[in-house]
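1. A predicted structure for the sequence below; I have some questions about it.
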Amino acid sequence: MHAQLFESLSHALTQVQGYIYPNELELQWSILIVLYPYITGLVAGAFILASLERVFNVKAVKPTYRLALLTALAFLIVAPLPLNLHLGHPERAFQILFTPNPTSAMAMFGFVYLWYLMAVLLMEVWLDYRKEIVGWSKTEPWAPKRLFYKIVTFGVDNVSPRSLEIDDKLGKALTVIGLPSAVLLHGYVGFIFGSIKANPWWSTPLMPIIFLFSAMASGIAGVLLLYMILSAYRNKDTDMKCLDTIGKFFLTALVLAFSLEMLETIQQIYEAEEHFDILSLLVQGKLYFSVFFVQLLMGSLIPMFLLGLIQLTDLPEKVRKAFYAASATFCLIGIFAMRWNVVIGGQFFSKSLRGFTTYKLELVGREGLLSAVVVMILPFVILAALIYLLPPWENAEHAPPAKSSET
Amino acid sequence: MRGLQRRQFLKISTAALFGSLMTKLAAPLAWAEDFYREPPWKRKKPYWGFAVDIDKCIGCAKCVEACKIENNVPKEPFYFRTWVERYVLRKNGAVEVVCPNGGMDGYPDIEDEGGVAKAFFVPKLCNGCEHSPCVQVCPVGATYKTEDGVVLIDKDYCIGCRYCIQACPYGTRYFNPVTQTADKCSMCYHRITKGLATACVEVCPTGARIFGDLSDPNSALTKFREDNKTESLKVHMGTEPKLVYKGFDKEIR
Amino acid sequence: MKDYRHLIHVAATFVLVFVLFLTARSILKPSSYGKIGRYRAASVDEIKALPIKFAGRTAQKECAACHEKEYKDKASGRHKGLNCETCHGPAAAHVAGPASVKPPKPAEAEIVKFCLRCHAPSMAKPRKFPQVDPLKHNVGTACTACHTPHSPRL
């Protein structure tokens, strides 16, 4: 096991440029740690899209409400996986819950995650589906599936208008609580990086906000793309008013994320602190392609251009759909590149500010490419299962329950 | 009757509030005295520190070797609790820093010696930060500062998340492939608590490394700190290292 | 009330999960955690008990007990600031049981390389430190042919 590691490190030693501290040869946070902010970003973004309808009464995005919730849930379930795969001692992972160090942002993970999963997302999905779940627990022909629904009813089959009204009110309250919770879920990841004064590529107060807004862009893009793909798969028309409204929010999130990143960049260039030289070498060297072509051009500029065109001109439906699909795809790739540039990029240069190390992404192994691919495919498998169990299409028209008393 | 009492109450409480506000505003004048912060070794005995005399180091790297033996550090050239860098500062302003296998493999010949302004060796090790960022970020409390000032790692509790390795500004931490936990210089805690010196100090042939008790006014370390002007690494980060260097150059990182 | 029943069932589940969490925590949390600070107090003693490999400078008197001649030579020579272990390696096991393990003498055949580890010339070394150019000084001869290692000054 070690032999392969030592061999790859010996090779990496020959690829070092300039001077690095001897311990900096091996990158500590691999592609799995790139995936984690990407996944929680999708969760936060999808949830915020869902909350647009619930809290801000943007009725137009209703058709994607349930899909957004299920997408958030599917990705949230997978979120701890890359972290645990990366740990040196995953069997000790529970220690984060039992003896969290209150000064560590990472210690928050266990609690923020569990809170968001149980108190916000699961509750909200359950409250929204409860009426149907009770129905399916009685009408579902396949016994194991019926048992699942029965369990999920928590043994109560009361779907009186009053109980549904209570559900609706509670669901709304949870969405309101859920918004800062989603912000916290992904914002703390940004803080984990932003609070490391030892690393000048990471250390900035803007990091949580940059992470959050790019997360929102990626989450909205993800749900948008899923909605279009699944509609095509089901041979159903997409609701253009829904798409157009999502498109507006998508553009807003992109513009904000881009502006924040540019603000950070301009400030760094202007202040030109001690670390500026090595960072500009980093961006012009090892990160050149992934920053300028993937993150900026593909991930930000092209989508903003396409979505901006839609806002400024009158384009036919087919063109708009093509632009939405393209923008969403490019954005998703670009935001992944952004996470890569932050996590991996921040470990390329030495803290001596005098050199660079390398990162070889292995194919196999706990932190290899195959692991990463499995981690990214898993949410879609779970989403498929969730869509099977809790179809988000049936109740696109979420009719408000009749008032119990009309006076 | 009640109205009068209420008015009196309001008057008194407003006066009290105003008074305390005034004292708070006047307080900055008093705060200036508080800028002197008592170092922890005034109150805790013993309190371990370290010093390096750059002008004495000959780059033999026996310290690196002894440390690896004493502390079971993996022999491969990717894991070091301590290492010795060589700096060559040229007259044209170029700076060359090398550290082959921590210094244990010797150093490459210096080319164009006529163009060299100055050259020296800099031993590196855990800086023993008072405001240690590695302790701050550990999610489970597996790395901590002892009551006598040494930052240690509990290898039976570390979950191997590597956050501390990212947080150390000095690159002194590594991920031990055998224990699958973070690892770093422990100031040979198992030795110093028995009256011995750290392994690196024991074998240094020139006395370039100095270890001792900061709370002892007669220790070699205290005398060294009082007799020499010293500097620490990356002071601007506010980590307050207990490791000080004599003979520091502005190019040292 | 019956319209809230489903919520009460969920709340009860949450409470149950929380109780299970607290139970697991009381079982799995190490007992010494938190006794001194936010860490496992037992770890301090575990680290203190780690094995010692180098006997140290203070143990040199013990070396003198058997190796009196070398000790006296060193004490009066230019190497008096060196610890025996600097050249001979870790000796704690030898002090504890002299017959069980013997710290090696640096190999005669490699003695030039061994001495040059400290004494090879380099611009980076302190100027006053004795440095020997191996290409000029008695090329091909072992250092120990002329210099006794414990008191090397001729």
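-> Looks like it came in fine. Treat the numbers as computed from the prediction; the structure is a model and nothing was measured.

2. Without its sequence neighbours, what residue ends up closest to A:L122?
-> A:L73 (7.2 Å; Cβ to Cβ, 6 or more residues apart in numbering or on different chains). Every residue, glycine included, has its C-beta placed from N, CA and C.

3. And for A:Q15?
-> A:T358 (4.4 Å).

4. How about A:L83?
-> A:Y36 (5.8 Å).

5. So the residue nearest to A:L122 sits against A:V120, correct?
-> No. Judged on Cβ atoms under 8 Å, A:L73 makes no contact with A:V120 at a distance of 10.1 Å.

6. dump the residue contacts of A:F380.
-> A:A74 (Cβ atoms under 8 Å, 6 or more residues apart in numbering or on different chains).

7. pLDDT at it, what is it?
-> For A:F380, the pLDDT comes out at 96.

8. Also A:Q311?
-> For A:Q311, pLDDT reads 95.

9. do the same with B:G3
-> For B:G3, the model assigns a pLDDT of 72.

10. Now do the phi/psi pair for it.
-> Dihedral pair for B:G3: phi -60, psi -40, per degrees, to the nearest 10.

11. That one - how many residues pack around it?
-> The number of residues packed near B:G3 is 7, by other Cβ atoms under 10 Å in any protein chain shown.

12. re the thing from before, and the residue nearest to A:L83, what helix or strand is that in?
-> helix A:31-54 (DSSP states H and E).

13. Does anything pack onto that helix? Which helices or strands?
-> helix A:65-78, helix A:80-86, helix A:161-194, helix A:207-233, helix A:240-271, helix A:317-343, helix A:369-389 (3 or more Cβ pairs under 8 Å, 6 or more residues apart in numbering or on different chains; DSSP states H and E).

14. Check which helices and strands the first one sits against.
-> This points to helix A:65-78. Looks like helix A:65-78 contacts helix A:31-54, helix A:123-139, helix A:207-233, helix A:369-389 (3+ Cβ pairs under 8 Å, 6+ apart).

15. Dump the first one to PDB, restricted to CA.
-> What follows is the C-alpha trace of helix A:31-54 in PDB, where atoms were taken according to Å, rounded to 0.1, in the frame of the first residue of the first chain:
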ATOM      1  CA  ILE A  31     -10.300  15.700  -5.400                       C
ATOM      2  CA  LEU A  32     -12.700  14.400  -2.800                       C
ATOM      3  CA  ILE A  33     -12.300  17.600  -0.900                       C
ATOM      4  CA  VAL A  34     -13.000  19.500  -4.200                       C
ATOM      5  CA  LEU A  35     -16.300  17.500  -4.500                       C
ATOM      6  CA  TYR A  36     -17.500  18.300  -1.100                       C
ATOM      7  CA  PRO A  37     -18.100  22.100  -1.500                       C
ATOM      8  CA  TYR A  38     -19.400  21.300  -5.000                       C
ATOM      9  CA  ILE A  39     -22.000  18.900  -3.600                       C
ATOM     10  CA  THR A  40     -23.100  21.100  -0.700                       C
ATOM     11  CA  GLY A  41     -23.200  24.000  -3.100                       C
ATOM     12  CA  LEU A  42     -25.700  22.200  -5.300                       C
ATOM     13  CA  VAL A  43     -27.700  21.400  -2.200                       C
ATOM     14  CA  ALA A  44     -27.800  25.000  -1.100                       C
ATOM     15  CA  GLY A  45     -28.500  26.300  -4.600                       C
ATOM     16  CA  ALA A  46     -31.300  23.800  -5.200                       C
ATOM     17  CA  PHE A  47     -32.900  24.600  -1.800                       C
ATOM     18  CA  ILE A  48     -32.800  28.300  -2.400                       C
ATOM     19  CA  LEU A  49     -34.500  27.800  -5.800                       C
ATOM     20  CA  ALA A  50     -37.200  25.800  -4.000                       C
ATOM     21  CA  SER A  51     -37.600  28.500  -1.400                       C
ATOM     22  CA  LEU A  52     -38.200  31.100  -4.100                       C
ATOM     23  CA  GLU A  53     -41.600  29.600  -4.500                       C
ATOM     24  CA  ARG A  54     -42.400  28.800  -1.000                       C
END
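
16. quick one: average confidence on it?
-> Helix A:31-54 shows a mean pLDDT of 93.

17. Helix or strand with the lowest mean pLDDT in the chain?
-> All of this refers to chain A. helix A:108-114 (a mean of 89; mean pLDDT, DSSP states H and E).

18. let's do chain C instead
-> Per mean pLDDT, DSSP H and E, bottom of the list for chain C is helix C:60-66, a mean of 90.

19. Identify each buried residue in that helix, please.
-> C:60, C:62-64 (16 or more other Cβ atoms under 10 Å in any protein chain shown).

20. just to revisit the earlier point, most packed of the helices and strands packed on helix A:31-54?
-> Counting by mean count of other Cβ atoms under 10 Å in any protein chain shown, helix A:65-78 has the highest mean neighbour count of the helices and strands packed on helix A:31-54, with a mean of 26.

21. any residues touching that helix, and which ones?
-> By Cβ under 8 Å, 6+ apart, helix A:65-78 touches A:39-40, A:42-44, A:46-47, A:49-50, A:53-54, A:113, A:116-117, A:121-122, A:124-125, A:128-129, A:219, A:222-223, A:226-227, A:230, A:375, A:378-380, A:382-383, A:386-387, A:390, A:392-393, A:395-396, A:398.

22. Enumerate every residue touching the most centrally placed residue in chain B.
-> Ranked by distance to the mean C-alpha position of chain B (Cα atoms, centre = their mean), the top residue is B:N127 at 2.1 Å. The contact partners of B:N127, taken as Cβ under 8 Å, 6+ apart, are B:170, B:172, B:232-233, B:239, B:241-243.

23. Over to A:I166?
-> Counting by Cβ under 8 Å, 6+ apart, A:I166 makes contact with C:3-4, C:7.

24. okay, now residue 138: neighbour count?
-> This is for chain A. Quick note: A:K138 (other Cβ under 10 Å) scores 11 neighbours.

25. my bad, chain C
-> 12.

26. for the one 5 residues further on, same thing?
-> As a burial measure, the neighbour count of C:C143 was computed by other Cβ under 10 Å and equals 21.

27. With adjacent residues omitted, what lies nearest to A:L5?
-> Counting by Cβ to Cβ, 6+ apart, A:L5 lies nearest to B:P177, which is 6.2 Å off, once chain neighbours are set aside.

28. State the mean pLDDT of stretch B:110-129.
-> 97.

29. In it, which of the residues would be classed as buried?
-> Result for stretch B:110-129 [16+ other Cβ under 10 Å]: buried residues B:110, B:116, B:119-129.

30. For A:S181, state which of those is nearest.
-> Nearest to A:S181 out of the buried residues of stretch B:110-129 is B:C129 (Cβ to Cβ; 34.2 Å).

31. doesn't B:V151 make contact with that closest one?
-> Yes. Contact criterion Cβ under 8 Å: B:C129 and B:V151 qualify, at 6.9 Å.

32. Return the mean pLDDT over the one helix or strand B:F175 maps to, rounded to an integer.
-> Per DSSP H and E, B:F175 falls inside strand B:174-176. Taken as a whole, strand B:174-176 carries a mean pLDDT of 97.

33. tell me what it is packed against?
-> Strand B:174-176 packs on strand B:181-183, going by 3+ Cβ pairs under 8 Å, 6+ apart.

34. which other helices and strands contact the strand it packs on?
-> Looks like strand B:181-183 contacts strand B:151-153, strand B:174-176 (3+ Cβ pairs under 8 Å, 6+ apart).

35. Give me the contacts around the last one.
-> What that stands for is strand B:174-176. Outside strand B:174-176, the residues that reach it (Cβ under 8 Å, 6+ apart) are A:23, A:26, A:28, A:88, B:74, B:78-80, B:155, B:160, B:162, B:165, B:181-184.
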